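Student: test case, fold it:
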Amino acid sequence: MNELLLSKRLACVAAQVKPGDRVADIGSDHAYLPVYLIKTKQINFAVAGEVIKGPFETAQRQVQKSQLQEQIMVRLADGLAAIKESDAIDTIVIAGMGGQLIASILENGWQNKQLKKTQRLVLQPNLDENEVRLWLSGHGFGITHEEIIEEKNKIYEVIVASPMQEAAYSEKELFFGPFLMTEKNPVFQKKWMHASHQKQNVLKRLQLAKNPRLEKIKELQKQLLWIKEVLQ
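Tutor: Predicted structure coming up:
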């Protein structure tokens with residue numbers, strides 16, 4: 001890996017880290033992100049957390065190869081347990097996982113008081129983005145920025161959140177993303193046009209079933225109407 005090159009997905013995440021922040025990258029994937037952020041002098045301290053021994057050892061090797069052992073702490077821990085009070089973390093990054101898993105990591109961190117109401121969150125779910133937004137809205141975190149990008153025929157969303165006094169969103173905003181549904185860039189339109197086709201096919205199958213699941217049919221019909229409205 002060229003330490004100064006990131007995938008488009010990770011570069012989008014890196015762009016949301018404020019200069020000088022102390023960063024915890026949970027599920028660090030070879031520690032690519034913290035190594036890049038320090039090599040480019042965007043930050044000077046990071047924690048790289050991994051819950052599985054193999055990826056943890058890989059991240060360790062990458063940090064040693066980059067000679068950044070003094071600035072990147074690689075820790076084997078479950079979720080936000082990788083963060084110590086003395087780390088004084090400003091920004092938590094959780095990228096490259098499903099939205100349900102990200103929400104679960106945040107919830108565990110919240111319950112165990114590992115997540116502080118002073119920390120920014122930079123989250124990149126691979127799917128179920130609405131689950132992440134739902135968790136944020138229920139725990140006093142307001143969405144401050146969103147990005148949607150395409151890389152190698154896959155579409156990714158980046159959600160940035162900060163603690164807020166009031167962070168109320170409609171069901172529709174949680175579904176699409178409050179910023180994304182306003183901007184409606186070409187990648188957003190492509191994602192939801194594809195989703196519309198998929199949901200229409202599922203709806204047809206459900207309607208033809210011997211025992212139709214009425215609640216699921218109603219939910220799909222509502223979502224298809226939303227998609228039609230948003231893409232107009």
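Student: Arg75 reaches Ala48, doesn't it?
Tutor: Yes. Arg75 is within contact range of Ala48, at 7.2 Å (criterion: Cβ atoms under 8 Å). For every residue, glycine as well, the C-beta is placed using N, CA and C.
Student: hey, what's in contact with both of those two?
Tutor: Taking Cβ atoms under 8 Å, 6 or more residues apart in numbering as the contact rule, Arg75 and Ala48 both touch Ala82.
Student: so which of those two has more stuff around it?
Tutor: Applying other Cβ atoms under 10 Å to Arg75 and Ala48 shows that Ala48 carries more neighbours, namely 30 against 20.
Student: what's the longest helix along the chain in contact with?
Tutor: Secondary structure assigned by DSSP state H gives helix 186-208 as the longest helix of the chain. Contacts of helix 186-208 from elsewhere in the structure, counted by Cβ under 8 Å, 6+ apart, are 148-150, 155, 176, 180-181, 212-213, 216-217, 220-221, 223-224, 227-228, 230-231.
Student: and the residues you listed, which are buried?
Tutor: Buried residues within these, defined by neighbour count using 16 or more other Cβ atoms under 10 Å: 148-149, 155, 176, 180-181, 220, 223-224, 227, 230.
Student: chain neighbours aside, what residue packs nearest to Phe176?
Tutor: Leaving out its chain neighbours, the residue that sits closest to Phe176 by Cβ to Cβ, 6 or more residues apart in numbering is Val230, at 6.0 Å.
Student: repeat for Gln114
Tutor: Nearest in space to Gln114, with sequence neighbours left out and distances taken as Cβ to Cβ, 6+ apart, is Leu80 at 3.9 Å.
Student: go on, Gln223?
Tutor: Lys199 (6.1 Å).
Student: what sits against Tyr156?
Tutor: By Cβ under 8 Å, 6+ apart, the contact set of Tyr156 is 9, 12, 124, 126, 148-150.
Student: I'd like the residues you listed as JSON lines, with distance to Gln42, secondary structure and pLDDT appended.
Tutor: Below are the contacts of Tyr156 laid out as JSON lines (distance: Cβ to Cβ, whole Å; DSSP: H, G, I helix; E, B strand; the rest coil; pLDDT from 0 to 100):
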{"residue": "Arg9", "distance to Gln42": "17", "secondary structure": "helix", "pLDDT": "97"}
{"residue": "Cys12", "distance to Gln42": "14", "secondary structure": "helix", "pLDDT": "97"}
{"residue": "Gln124", "distance to Gln42": "17", "secondary structure": "strand", "pLDDT": "98"}
{"residue": "Asn126", "distance to Gln42": "24", "secondary structure": "coil", "pLDDT": "96"}
{"residue": "Ile148", "distance to Gln42": "23", "secondary structure": "strand", "pLDDT": "98"}
{"residue": "Ile149", "distance to Gln42": "19", "secondary structure": "strand", "pLDDT": "98"}
{"residue": "Glu150", "distance to Gln42": "24", "secondary structure": "strand", "pLDDT": "98"}
